[in-house]
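Participant: Sharing a sequence plus its predicted fold:
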Amino acid sequence: MTIEDVLKQKFGYDSFRPGQQETIHSLLKGRDTLSMMPTGTGKSLCYQLPAYLMDGVTVIVSPLLSLMQDQVDQLKAGGEKRVIALNSFLQYEEKTRALLHLQHYKFIFLSPEMLQVQPIIQAIQRLTISLFVVDEAHCISQWGYDFRPDYGLLGDVRRKLNEPLTLALTATADEKVREDIKRQLCLTDPKELVFSVNRPNISMKAERMEDPLQKQKKLVELVRFFKKPGIVYFSGRKAAEEAVMLLKLNGVKKAAFYHGGMEAGDRLLIQHQFLNGELDVVCATSAFGMGINKEDVRFVIHYHMPSQMEAYLQEIGRAGRDGHPSIAVIFYVHGDERLHEFIAQSELPSCDQIKQAATQHQSLDQVEPPLTDIQKRFLEHYTKQAVLEGKRAESYILQVREHLLAKKAEKRSQMKEWIDSDECRRAGYMRFFNEEPSGQQQCCDRCGIDLAVYKENDQGNKPVKNLDWRGRLNNLLPGL
DNA sequence: CGCGGCTGTCTTACGACAGCCGCGGTGCTGTAAT
């Protein structure tokens, strides 16, 4: 079977989208590949199609349970039964049974954490792996050093699996991050396919404000003005919740918040309502993002500055996947970056905590003030690392801490420089990704844009076709 | 660390402000006890 046959038969397409063919060809030649393709251009086809032309199992490392679930559902909907997500959703018995019959699956999805569980990695080691995929590979660089250290161990996992053919997929990674991905995965001489990060249909605007009150007013004004649906990003959970109140008080009824502190069920509900067009606006933290594949998001507003350019681009990249004109607006007041500075510091153990942990020779539980889960894991991870490299744990960990904080500080200042800069916004971010800027219409506030293009055009006289879930629930149980 | 919001005080009015307190993101897994 040729590639085109599989494309037609298994996926029902006649032609490839940009980047897919190149990625697949590279893999079929047996070459490790790092592919950076814009969001929403069908990254999953890049591993699903070659999987059908190869004999063994395809193992996919995915950062989120919900993302795995979506991919599994999608494959099953396409008629593929030999697919499983090995994660904590499985009951003990299901897991045991799955591990016994692993060789019968074609696609196995799991988290980097799962690959550190002995029985799991041992079962995977017994398989013939034709392709090892790291989806959302920028997580290696973004999370692998502190938040989710198991992302930093994927190179080791590859070695344990006898260095299978590997595909790393991402939508946003600058040159340093791409280097980091290749190094951490121990890819020698991979093919690197980098497609433009430019999204010409998204115009950009940054607004400097005097005080937070001005932000609130502007938020209400813009959300009411813009064509919907849209997403508003905040750096804190509470701010996101309060903004929903504010918007509702000001006539934006179909608004909801979303953040990591919510029950999984509530999160899923909001996500589905948004995807089904039952919500006009979601006010969210950075938790809202991966796996949100909605075509017609018309605007993305940043109420606070994100912590780095890559995060910003990923977040605005959720607008305009359908190619229609969309807009990204970022608010900035002096001092917005301080929150990220604080968060970065408090995520890691303090110097004093590191010293205590090194000198106590006892349980990490006795450190004062008590360590968070993430801090504890950080200490455990780098203590092991220090031993491996034959270095003294305390000074090694202190060094790592300084290095990571400096790296994050630089990312923050890049973000701030971009906001403060007088030049074309697009030119600014494309240079960040080593691309040549290209002039275009409706580019950014520096080049001049007509906001009316993004205006809600109907006058709010939309017939109510579908009641949202609250409406339906209210019909069933009035007065709830 | 620094901001926003609340409280209490001084004042002698339909308020002003000092000072204090609380708050601040991203997710996996496993295990124990019901």
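Facilitator: Cool, got the structure.

Participant: which bits of the stretch 101-250 of chain A sit near DNA strand B?
Facilitator: Within the stretch 101-250 of chain A, the positions near DNA strand B by CB under 7 Å from any atom of the strand are A:110-111, A:113-114, A:117, A:120, A:142-143, A:146-148, A:211-212, A:235-238. For glycine as for every other residue, the C-beta is placed from the backbone atoms N, C-alpha and C.

Participant: which among those end up buried?
Facilitator: With burial judged by 16 or more other CB atoms under 10 Å, the buried subset of these is A:110-111, A:114, A:120, A:142-143, A:146, A:148, A:235, A:237.

Participant: Columns distance to A:Gly19 and secondary structure on top of the residues you listed, output as CSV?
Facilitator: Converted to CSV, these look like this (distance: CB to CB, whole Å; DSSP: H, G, I helix; E, B strand; the rest coil):
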residue, distance to A:Gly19, secondary structure
A:Leu110, 25, strand
A:Ser111, 26, coil
A:Met114, 29, helix
A:Ile120, 32, helix
A:Gln142, 21, helix
A:Trp143, 24, helix
A:Asp146, 31, coil
A:Arg148, 27, coil
A:Ser235, 32, coil
A:Arg237, 36, helix
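
Participant: Among the residues you listed, which pair sits farthest apart?
Facilitator: Farthest-apart pair in those is A:Ile120 and A:Ser235; separation 35.4 Å (CB to CB).

Participant: strand partners of the helix or strand containing A:Ser130, parallel vs antiparallel please.
Facilitator: Assigned by DSSP states H and E, A:Ser130 falls within strand A:129-134. Sheet partners assigned to strand A:129-134 using DSSP bridges are listed as strand A:57-61 (parallel), strand A:166-170 (parallel).

Participant: Render the CA-only coordinates of the helix or strand just after the first one in CSV, please.
Facilitator: Downstream of strand A:57-61, the next assigned helix or strand under DSSP H and E is helix A:65-77. What follows is helix A:65-77 as a C-alpha-only set of coordinates in CSV (Å, rounded to 0.1, in the frame of the first residue of the first chain):
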residue,chain,number,x,y,z
LEU,A,65,-5.2,12.3,30.3
SER,A,66,-7.9,14.2,28.5
LEU,A,67,-5.7,14.5,25.4
MET,A,68,-5.1,10.7,25.4
GLN,A,69,-8.7,10.1,25.8
ASP,A,70,-9.5,12.3,22.8
GLN,A,71,-7.0,10.6,20.6
VAL,A,72,-8.2,7.1,21.7
ASP,A,73,-11.8,8.1,20.9
GLN,A,74,-10.8,9.6,17.6
LEU,A,75,-9.0,6.4,16.5
LYS,A,76,-11.8,4.2,17.7
ALA,A,77,-14.3,6.4,15.8
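
Participant: number of nearby residues for A:Pro325?
Facilitator: By other CB atoms under 10 Å, the residues close to A:Pro325 number 17.

Participant: Phi, psi for it please.
Facilitator: Backbone geometry at A:Pro325, expressed as degrees, to the nearest 10, gives phi -60, psi 130.

Participant: Would you enumerate the residues in contact with it?
Facilitator: Applying CB atoms under 8 Å, 6 or more residues apart in numbering, we find A:Pro325 in contact with A:201, A:203, A:442, A:453-454.

Participant: Please list only the buried members of the residues you listed.
Facilitator: Counted by 16+ other CB under 10 Å, those give A:201, A:203, A:442, A:454 as buried.

Participant: Fine, thanks again, bye for now.
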